[in-house]
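J.: Attaching a predicted model along with its sequence, questions to come.
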Amino acid sequence: MKIVIAADHGGYELKNKLFSWLKNNNYDAVDLGNSKYDPGDDYPDFAASAAQQISEGKAGKGIILCGSGVGACITANKFKNVRASVCHDTYSAHQGVEHDNMNVVCIGARIIGENLAIEIVKAFVEANFINEERFLRRLDKLNKYDK
């Protein structure tokens, strides 16, 4: 499964560390930028590039970073078939995938440190949706809002 990762200046350094971790652990990861530190860049540009990949089915999961994770999350959820959430703990990172079929995790690089971010990403990328009737029913209800 392809994993896309993107960040503005607020998440640039942590994105690079997470991308290295993904590659070092043999994940099929693609860095969508920013490719250089630019204090004048804007989070919607990078969040949108990752969300578009998820929306079009070109990637299975996405990781988007900004200063708080909030702007990235708001942007990502504008795209059809994207279910993004800010996660700053490992439980939410795996439970969001297992119960809600979350496919984008948003992280605030000014909120948490590198070690916790790696644990969150690990929990997120290793989690799978639980194919049970109650979760499918809820997902079906969510998908109706995409129309």
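T.: That came through fine.

J.: Just to check, Lys78 is in contact with Ser55?
T.: No - using Cβ atoms under 8 Å, Lys78 is not in contact with Ser55, being 9.4 Å away. In short, each C-beta sits where N, CA and C put it, glycine included.

J.: Compare those two (neighbour count), which wins?
T.: Ser55 (20 against 13; other Cβ atoms under 10 Å).

J.: pretty sure Gly71 is in a helix, no?
T.: Yes - secondary structure of Gly71 (DSSP: H, G, I helix; E, B strand; the rest coil): part of a helix.

J.: Could you pull out the buried residues of the helix or strand bottoming out on mean pLDDT in the chain?
T.: When each helix and strand of the chain is scored by mean pLDDT, DSSP states H and E, helix 133-144 comes last, with a mean of 94. Within helix 133-144, the residues that count as buried by 16 or more other Cβ atoms under 10 Å are Leu139.
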